[in-house]
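In: Just to be clear, the model below is a prediction. Sequence and coordinates:
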2 protein chains.
Amino acid sequence: MKSDIEIAQSTELKPITEIAEKVGLTASDLELYGSYKAKLSFDKIRAVKDQKPGKLILVTAINPTPAGEGKSTVSIGLADALNKLGKKSMLALREPSLGPVMGIKGGAAGGGYAQVLPMEDINLHFTGDMHAITTANNALAALIDNHLQQGNELGIDQRRIIWKRTVDLNDRALRRVVIGLGSPVNGIPREDGFDITVASEIMAVLCLATDLKNLKERLADIVIGYRYDRTPVYVRDLKVEGALALILKDAIKPNLVQTIYGTPALVHGGPFANIAHGCNSVLATETALHLADYTVTEAGFGADLGAEKFLDIKTPNLSAAPDAVVIVATLRALKMHGGLTKDELNKENADAVKAGFANLKRHVENIRKYQLPVVVAINEFASDTKAEITLLEELCDELHVPVAPANVWAEGAAGGLVLAETVLAAIENNPADYQRLYSDDDSLEDKIAKIVTEIYRGDSAVFTSKAQTQLKQFARLGWDKLPVCMAKTQYSFSDDQRLLGAPKGFEITIRELVPKTGAGFIVALTGDVMTMPGLPKHPAALSMDVTDEGNVLGLF
Amino acid sequence: MKSDIEIAQSTELKPITEIAEKVGLTASDLELYGSYKAKLSFDKIRAVKDQKPGKLILVTAINPTPAGEGKSTVSIGLADALNKLGKKSMLALREPSLGPVMGIKGGAAGGGYAQVLPMEDINLHFTGDMHAITTANNALAALIDNHLQQGNELGIDQRRIIWKRTVDLNDRALRRVVIGLGSPVNGIPREDGFDITVASEIMAVLCLATDLKNLKERLADIVIGYRYDRTPVYVRDLKVEGALALILKDAIKPNLVQTIYGTPALVHGGPFANIAHGCNSVLATETALHLADYTVTEAGFGADLGAEKFLDIKTPNLSAAPDAVVIVATLRALKMHGGLTKDELNKENADAVKAGFANLKRHVENIRKYQLPVVVAINEFASDTKAEITLLEELCDELHVPVAPANVWAEGAAGGLVLAETVLAAIENNPADYQRLYSDDDSLEDKIAKIVTEIYRGDSAVFTSKAQTQLKQFARLGWDKLPVCMAKTQYSFSDDQRLLGAPKGFEITIRELVPKTGAGFIVALTGDVMTMPGLPKHPAALSMDVTDEGNVLGLF
């Protein structure tokens, strides 16, 4: 069996200008980065807004397990299959972070015969978006510390600076640091920390910005800390939103690449799905929507986190809501939700499928609360038995949810045809009537309560005394009109990652609220949130190499 | 008078493919980054080595003063003038670092009518080389700390790790930090620090590497620290040179851009001129040399640091030595070397010119020790008087060194014609016969002594007891065959930056030696060396902005 990189490297890529033509883009609409990558010009991004929008398909999943569910792979295969059916389709996906690529993942551009290419570039520096975000993030940090050093005119309390530095790497030793040591000319000593770049608020800002003007406004609205009198300090107080926007002026433009089957794909923005909203950029989704008849996009983690944020945070920034939602499930993952361990997955087990189905069922019901048609995609594995597949199909039938196999990893576009037809039928037969879960005018407390009881199905949200104080403070500052971005484990509906399936009778503790006023949401922290991953004992980096001729080895 | 960015933005750029044709490059030799930037392909870089090399012109300067001497501007104007004379010419220059651009400089791509374009891109992310170097540097740091965390199989002494992290920003608060705090899962607590990216050994490695294979070998040869038994730990012990080379696989390819007059320019690599050798990449210089009949390149700071390092460190990695050396001087700077303050420069003062000439004279004599023809370029300012210029010309005549005005800032190519003709004549009449100052077999002590007595003209080099111990240790390790990279103030021949002109009777104290075994040199530290600049009270970043349409403001 060929590895992902072998499949990628044996694919003959078409010039990106040729791919662009498929959706009506000409050479002058593109800023080329080599022959196979391009950014879309601002002129074109503005111009397409007048074109009639197509249909939007959101791909999400059951709660992830170590068995893997293959959301990106199914998204890519679905778009390829739609094109094979003669539908003008595009992808709008996230770009990978180098940290996890060098850590455990080794790559994140789909898999098998459902990949976006050139995967070597997409997995490494791509068009430099991550670097621009890292730089803007750290330029802001340097400007804050320089403000302290040069007299601190704004009266920033150095103990209450919440703006952290970033690197696009897994580097646990930078989680908690002390800076400014050694001498008075080396700044003011204080505690600080580094997040991975994708956890930076600037990543979320870039992904939610609707144009360059809006980007600058959002940057200006970022809270970097508090004064000695506890009033917030915004980027606009430092007057550096212009410099930050300048650093980001190219990063904000969506990147065009292609799948193995030549489907145009906008791969742009990759916010963390816990501390941020976890979807690709609004500009990419919006542009794809106006260029293609069908746009396939995805949301990070399981539907309780990813789809909820897509629908309650991102969608209000789009001109249209999804027309259908695909929930990806695997029999292996359902069996884990049904109580099996990873070692037991290769044996047929109908009871486990039945028990684990409770997880999928709850996600289907949740999406229906948004009044959107749902389709279940079974991402097939060699270990799946015919009986198990039939059982899952029957369970879906009982729920009146259309279900289709997706064998795109092994078969590419052809393996996604049934899924594509099922999705097209769902859109045709069952028009979406998007309803948001809450309104901006709900209090933060009410917004959180709705998510906890209606999506997670917990009994209630419990606020620590710190969070209670913040609820009042944030209301005073007018931040209570913002949506809520939940930071919760992705493995369970609850805040305990060991509770798989469809747990009941739990509370969700809101430990702390974090203002992300530039991104335009309030993060609600439940439990510990990891914003800087570590490397494993044998990082993927150890297998990476490049030959003397420049060929890439060790990405997968 | 137009600002640099106004001149730049009013220039109509030619497609980079058209610029490339001037030196025989076709579209297939280029990897485009937009319409006006490209990287050269490995295939082409390898292929041109068989072409006949042209002439190499090295531009250096007197010791810099706050009056400015305009080395890059003269280099660009000279190449433009050579092309205007019908000579097929190219530039090989360094790429700017974002830190100083956002701090005091505001930009570093020449000035006036002698600029490389698109200056907005060159001054910001360009083709991402700096970001790749930052990433490789910090990936190595993360892998080192991960090695400690995962059991420290190599027995690395965490107190003796010399590999620091980097950001491409001026951020003084990161000079001295403590990392790994907060919890056992956050790594091993230890002291650390951040340098600016251009001070990273990886930048020096990239600039001295002759191909991808050599890059990987140099990366493997980097010393990152010492074991508990004091033996050195190399990157090759960590087995991550492959991953680092992979991160750098595109950054190592030279970048092609154009001047205002359409001269092809390879702008590639920008190592710090104190802790490293301060010249653009070997690959760029070497490639230009084989593509053009005349290649103009520059070396950082004054000739005592920059040209010495170019000739003793970089040149042995090139297939040819410079055919002529241009020393840039300004009357304003000479008057400062002659004892005036910055406020007194606008008044005519022949005595100060005469006194300050001692600085220029010593640099001319020094270059002649390498058996290379020298030309003095007077970078003209509006405040220069005719009498002062005549005086300087007479002083140069006495020294038998050709001298020519360079008015390229105001007049572009036309203002550089006399200089170009003078340089051509010098090459024609006075063939170079390059002699290196020292040989690899000289001891480190002897190498340093030769630089101190023959170039700086000090009485002797004095070694601290730490440096003396290191001399023995480095000889034991075989590192004494490497050239020496002096880290000294650029403002004076001595190690006291207040001693302008041509000081005598001083000693140079070698405080410490630093192994840069990947780059392939030993740094000799004299006094404090700044490897992370700070921001000023009013950073240039405060004036930077981008309009809603994407136009850049505030770079200069």
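Out: Received, thanks.

In: Tell me how far stretch A:165-174 lies from the chain's centre.
Out: Centroid separation between stretch A:165-174 and its chain, computed with Cα atoms, centre = their mean, to the nearest Å, is 19 Å.

In: again with stretch A:214-223
Out: Going by Cα atoms, centre = their mean, the spacing between the C-alpha centre of stretch A:214-223 and its chain's C-alpha centre is 21 Å.

In: go on, stretch A:116-123?
Out: Computed by Cα atoms, centre = their mean, the chain-centroid distance of stretch A:116-123 equals 18 Å.

In: same thing with stretch A:452-467?
Out: Distance of stretch A:452-467 from the chain centroid (Cα atoms, centre = their mean) equals 23 Å.

In: Repeat that for stretch A:548-556.
Out: For stretch A:548-556, the separation from the chain centroid amounts to 27 Å (computed by Cα atoms, centre = their mean).

In: what ranges do the helices span in the stretch 51-200 of chain A?
Out: In the stretch 51-200 of chain A, helices defined by DSSP state H, counting those that start in this stretch lie at A:71-84, A:98-100, A:119-123, A:129-149, listed in chain order.

In: what's the last one packed up against?
Out: Using 3 or more Cβ pairs under 8 Å, 6 or more residues apart in numbering or on different chains; DSSP states H and E as the contact definition, the elements that helix A:129-149 packs against are strand A:156-161, strand A:165-167, helix A:201-208, strand A:223-227, helix A:235-238, helix A:241-247, helix B:129-149. (Glycine included, C-beta is placed from N, CA and C.)

In: tell me the mean pLDDT over that helix?
Out: In this model, helix A:129-149 has an average pLDDT of 98.

In: on that earlier part again, nearest to A:Ile508, out of the helices and strands packed on helix A:129-149?
Out: Minimum separation from A:Ile508 across the helices and strands packed on helix A:129-149 (Cβ to Cβ) falls at helix A:201-208, 22.0 Å.

In: Out of the helices of the stretch 51-200 of chain A, which is the most enclosed?
Out: Between the helices of the stretch 51-200 of chain A, helix A:71-84 has the highest mean count of neighbours, a mean of 29, where neighbours are mean count of other Cβ atoms under 10 Å in any protein chain shown.

In: I'd like the distance from it to the chain centre, please.
Out: Relative to its parent chain, helix A:71-84 has a centroid offset of 17 Å by Cα atoms, centre = their mean.

In: circling back to that earlier point, tabulate the helices and strands packed on helix A:129-149 (TSV), appending distance to A:Ala352.
Out: Putting these into TSV (distance: least, Cβ to Cβ, whole Å) gives the following:
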stretch	distance to A:Ala352
strand A:156-161	49
strand A:165-167	41
helix A:201-208	37
strand A:223-227	47
helix A:235-238	51
helix A:241-247	50
helix B:129-149	37
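
In: quick one, what contacts the closest residue to chain B within the stretch 301-450 of chain A?
Out: Using Cβ to the nearest Cβ, the point where the stretch 301-450 of chain A gets nearest to chain B is A:Asn317, with a distance of 17.8 Å. A:Asn317 makes contacts with A:Leu208, A:Thr210, A:Val282, as judged by Cβ atoms under 8 Å, 6 or more residues apart in numbering or on different chains.

In: A:Lys14: helix or strand, and which one exactly?
Out: With secondary structure defined by DSSP states H and E, A:Lys14 is part of neither a helix nor a strand.

In: Show me the strands in the stretch 401-550 of chain A, by range?
Out: Using DSSP state E, counting those that start in this stretch, the strands of the stretch 401-550 of chain A run over residues A:403-406, A:460-463, A:484-487, A:507-510, A:512-516, A:521-525, A:545-546.

In: Quickly compare those and say which is most buried.
Out: Ranked by average neighbour count under the criterion mean count of other Cβ under 10 Å, those are headed by strand A:484-487 at a mean of 27.

In: and that strand, what does it pack onto?
Out: helix A:306-309, helix A:444-450, strand A:521-525.

In: Can I get those in CSV including distance to chain B and mean pLDDT?
Out: Converted to CSV, those look like this (distance: least, Cβ to the nearest Cβ, whole Å; pLDDT from 0 to 100):
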stretch, distance to chain B, mean pLDDT
helix A:306-309, 26, 97
helix A:444-450, 28, 98
strand A:521-525, 17, 97
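
In: so can I have TSV of those showing distance to A:Leu399?
Out: TSV is the format used below for those (distance: least, Cβ to Cβ, whole Å):
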stretch	distance to A:Leu399
helix A:306-309	17
helix A:444-450	23
strand A:521-525	30
